[in-house]
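Engineer: have a look at this prediction, sequence included:
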There are 2 protein chains.
Amino acid sequence: MKKNKTIVLLSGGIDSATTLFLAKKQSLTVNALVFDYGQKHKKEIRFAKQIAKIAKVKYKIVRVRMPWSRSSLTDKAKKVPENFSDKIPSTYVPGRNIIFLSYAVSFAESIKADSIFIGAHTQDYSGYPDCRKVFLENFNQAINLGIAGKAIKFRYPLINKNKKEIIQLGLKLGVPFEYTWSCYNGRKQPCLKCESCRFRVNAFKQLGLKDPLLKNKK
Amino acid sequence: MKKNKTIVLLSGGIDSATTLFLAKKQSLTVNALVFDYGQKHKKEIRFAKQIAKIAKVKYKIVRVRMPWSRSSLTDKAKKVPENFSDKIPSTYVPGRNIIFLSYAVSFAESIKADSIFIGAHTQDYSGYPDCRKVFLENFNQAINLGIAGKAIKFRYPLINKNKKEIIQLGLKLGVPFEYTWSCYNGRKQPCLKCESCRFRVNAFKQLGLKDPLLKNKK
């Protein structure tokens, strides 16, 4: 039987790696799409490649530049924050998922894939607006009015999960978390202070586990 | 009084040049966004720069690559067609306007622009699905659910016009059509055979005018 094709947005972090393994489990032919968008933690791309290799999945790396962005995730002059509030943080990159999903749509239409997986979830990551379900639903409807091929379905299986639940799911699926990178600072070791590190550290702690990335001393 | 900011998608053709001059006439502070997407008629970018210069408008050039695209507009192994049918032509680039508009949204949000102009129209260009009003309306609604800043309004003032009407409007606005490029083949002279040339040639003919680009022997 011919397998249905899908695209998975793969960043190299816990969420997208788990999403990739979920898509694989559903017997889909997975094509991973990895973005080099000038992130300071460009290191995550290396991890994304490693994950794709382990999962035996083909990947493409797309270079995206948003020279107008003043996000602390891409602007070297700005420090990644270590204090948090209810406001949208300086790590927010305007239009990031809008652009990433648009490339995925172009790719999906070209190779006749009928779905796109994204590991977005609203409970973590400070409520980035482009991770919200309402956005994903509406964006999905809109793009189907702008393509010539068959309809594409966005799939966001983690949308209602928190980091702890995602790790639990990933462990069941056999995701090699030692090959995932979360820290917004792309140094040798995770900083353990940025928002992304904190979510990760807390989730493993809640599960009574040691983060396999730290064990490995990568 | 502080002028409202807008983004104009500028390709270097008749439609986007006219749209740029329309936006200027509305006393908006215009930022043009030009895309290098591997088009064979990359030459249009030079024309876009020239138009922006004449209109005294700042521009940014964004490099977009869709390595999966098999469009005859980007694939050197494919010939740009000279025969036409009701089908979507081989010049269609999957997701092109979806990607272009996504970059414009990121740019607009970053510089606090409140609108994005696109010269799309349905009567020409063989009904590319990403030029349709229904797509633009829905895509506009969707992106406003995915951004953190104020709402952005898409503006497509040419949507119901044909090429002849667009040229008429452009002439009133003083658009220097001698600095616009339409031909899908980026050779020294327009081929006069591709779909884009034919629309242009016919429109000037209907108006009883000689195309100023041909006069100039550029």
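Structural biologist: Right, received. Where do you want to start? Numbers count the residues shown, from 1 in each chain, chains lettered A, B, ... in the order given.
Engineer: for the record, mean pLDDT for the longest helix along chain A?
Structural biologist: Assignment by DSSP state H gives helix A:96-111 as the longest helix of chain A. If you average the pLDDT over helix A:96-111, you get 97.
Engineer: so does that helix get close to chain B?
Structural biologist: Yes. Residues of helix A:96-111 contacting chain B under Cβ under 8 Å from any Cβ of the partner chain: A:96-99, A:101-103, A:105-107, A:109-111. C-beta coordinates here come from the backbone N, C-alpha and C atoms, glycine included.
Engineer: got a list of contacts for the helix or strand bottoming out on mean pLDDT in chain A?
Structural biologist: Of all the helices and strands that make up chain A, the one with the lowest confidence by mean pLDDT, DSSP states H and E is helix A:212-216; it has a mean of 80. Residues outside helix A:212-216 that contact it (Cβ atoms under 8 Å, 6 or more residues apart in numbering or on different chains) are A:Pro176, A:Phe177, A:Glu178, A:Tyr179, A:Thr180, A:Trp181, A:Pro190.
Engineer: list the neighbouring strands of the helix or strand just after the longest helix of chain A plus their orientation.
Structural biologist: Using DSSP states H and E, the helix or strand that follows helix A:96-111 in sequence is strand A:115-117. Paired neighbours of strand A:115-117 in the sheet (DSSP bridges): strand A:5-9 (parallel), strand A:153-155 (parallel).
Engineer: what would the ones you listed look like in TSV with mean pLDDT and mean neighbour count?
Structural biologist: What follows is those, written out as TSV (pLDDT from 0 to 100; neighbours: other Cβ atoms under 10 Å in any protein chain shown):
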stretch	mean pLDDT	mean neighbour count
strand A:5-9	98	25
strand A:153-155	98	18
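Engineer: circling back to that earlier point, wait, which of the contacts of helix A:212-216 is closest to B:His41?
Structural biologist: When the contacts of helix A:212-216 are ranked by distance to B:His41 (Cβ to Cβ), A:Trp181 comes first, at 40.6 Å.
Engineer: sec struct for that closest one, please.
Structural biologist: In terms of secondary structure, A:Trp181 is coil; the call rests on DSSP: H, G, I helix; E, B strand; the rest coil.
Engineer: can you pull the pLDDT of it?
Structural biologist: Taken from the predicted model, the pLDDT recorded for A:Trp181 is 95.
Engineer: list the contacts for A:Trp181?
Structural biologist: With contacts taken as Cβ under 8 Å, 6+ apart, A:Trp181 has the following neighbours: A:Gly12, A:Gly13, A:His41, A:Lys43, A:Glu44, A:Arg46, A:Phe47, A:Pro190, A:Leu213.
Engineer: how about the fifth one, what does it touch?
Structural biologist: The contact partners of A:Glu44, by Cβ under 8 Å, 6+ apart, come to A:Ser11, A:Gly12, A:Gly13, A:Trp181, A:Ser182, A:Gly186.
Engineer: distance of the closest residue to A:Cys131 other than its chain neighbours from chain B?
Structural biologist: Once flanking residues are discounted, A:Cys131 sits nearest to A:Ala120: 4.1 Å by Cβ to Cβ, 6 or more residues apart in numbering or on different chains. A:Ala120 sits at a distance of 10 Å from chain B (criterion: Cβ to the nearest Cβ, to the nearest Å).
Engineer: quick check: A:Ala120 touching A:Pro157?
Structural biologist: No. Using Cβ atoms under 8 Å, A:Ala120 makes no contact with A:Pro157, being 9.9 Å away.
Engineer: tell me which of the two has more neighbours.
Structural biologist: Counted by other Cβ atoms under 10 Å in any protein chain shown, A:Ala120 and A:Pro157 do not tie: A:Ala120 has more neighbours, with 25 against 18.
Engineer: am I right that that one is in a strand?
Structural biologist: No. A:Ala120 sits outside any strand when classified using three-state DSSP, being coil.
Engineer: ok so, going back, nearest to B:Arg63, of the strands paired with strand A:115-117?
Structural biologist: Set against B:Arg63 and scored by Cβ to Cβ, those come closest in strand A:5-9, at 20.3 Å.
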